[in-house]
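>>> no FASTA, just this:
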């Protein structure tokens, strides 16, 4: 998993309250693996595309928002099912952070496990940021995980909270396997001791 570093990006305002995981990636695409060359198009698919594949009038279809790597959304982002694909679809489009007043717990945890930083800010702050992004297409946000801060287009800084363990995972790019391998020395020591004590189990 890629380490999370301080970065700035075009911000994308997503003005959808209660945007659930089926809107983020419709259920019919869940069997399509991340190696599918079309995987990035599954993000917001039914909001972005007509049945004939032509684009709808949706913010993520417009320049300069297409290249945005930070989403600022409305309340209750990522509610609904627990599908991890809702995060892998974000990651497939290079999205590194989602900022919202509230984020569904399972989706929040899926973000952490897949290198996408979920940030909870006050509702009014999110409304302010979305308004600034709509009024100034191409405006950038900056995210500093180490300092736990978001800097808006007008250079206002917003502090956010994150669990120390989740912060450690993201800063070091550790998925579940990576976390386990942090204890590789202890694992090997245990294995050596177990073999010495129980030779028959070798």
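Yep, that arrived. This structure is a prediction, so every number in the text was calculated from the model and none was measured.

>>> tell me where the chain has helices.
Taking DSSP state H, the helices of the chain run over residues 21-24, 45-48, 85-92, 105-113, 123-135, 164-172, 176-181, 184-197.

>>> okay, those, which one's buried deepest?
helix 85-92 (a mean of 23; mean count of other Cβ atoms under 10 Å). For glycine as for every other residue, the C-beta is placed from the backbone atoms N, C-alpha and C.

>>> which helices and strands sit right next to that helix?
helix 21-24, helix 105-113 (3 or more Cβ pairs under 8 Å, 6 or more residues apart in numbering; DSSP states H and E).

>>> which residues touch residue 154?
Neighbouring residues of residue 154 by Cβ atoms under 8 Å, 6 or more residues apart in numbering: residue 132.

>>> the strand ranked longest in the chain pairs with which strands, and in what direction?
When the chain is parsed with DSSP state E, its longest strand is strand 7-14. Strand partners for strand 7-14, identified by DSSP bridges, are recorded as strand 70-73 (parallel), strand 140-144 (antiparallel).

>>> what's the most buried one of these?
strand 70-73 (a mean of 26).

>>> residues making contact with it?
By Cβ under 8 Å, 6+ apart, strand 70-73 touches 9-14, 16, 19, 90, 95-100, 126, 129-130, 133, 141, 143.

>>> so which of the helices of the chain comes closest to residue 78?
helix 105-113 (2.9 Å; Cβ to Cβ).

>>> next, give phi and psi for the most centrally placed residue in the chain.
With distances taken as Cα atoms, centre = their mean, the residue of the chain nearest its centroid is residue 116 (3.0 Å). Residue 116 adopts backbone torsions of phi -110, psi 120, taken as degrees, to the nearest 10.

>>> wait, it touches residue 93, no?
No: using Cβ atoms under 8 Å as the test, residue 116 is too far from residue 93 to be in contact (10.5 Å).

>>> need the pLDDT of the closest residue to residue 144 other than its chain neighbours.
Spatial nearest neighbour of residue 144, excluding adjacent residues (Cβ to Cβ, 6 or more residues apart in numbering): residue 6 at 4.6 Å. Looking at residue 6, its pLDDT reads 93.

>>> since that was my last question, I'll sign off now.
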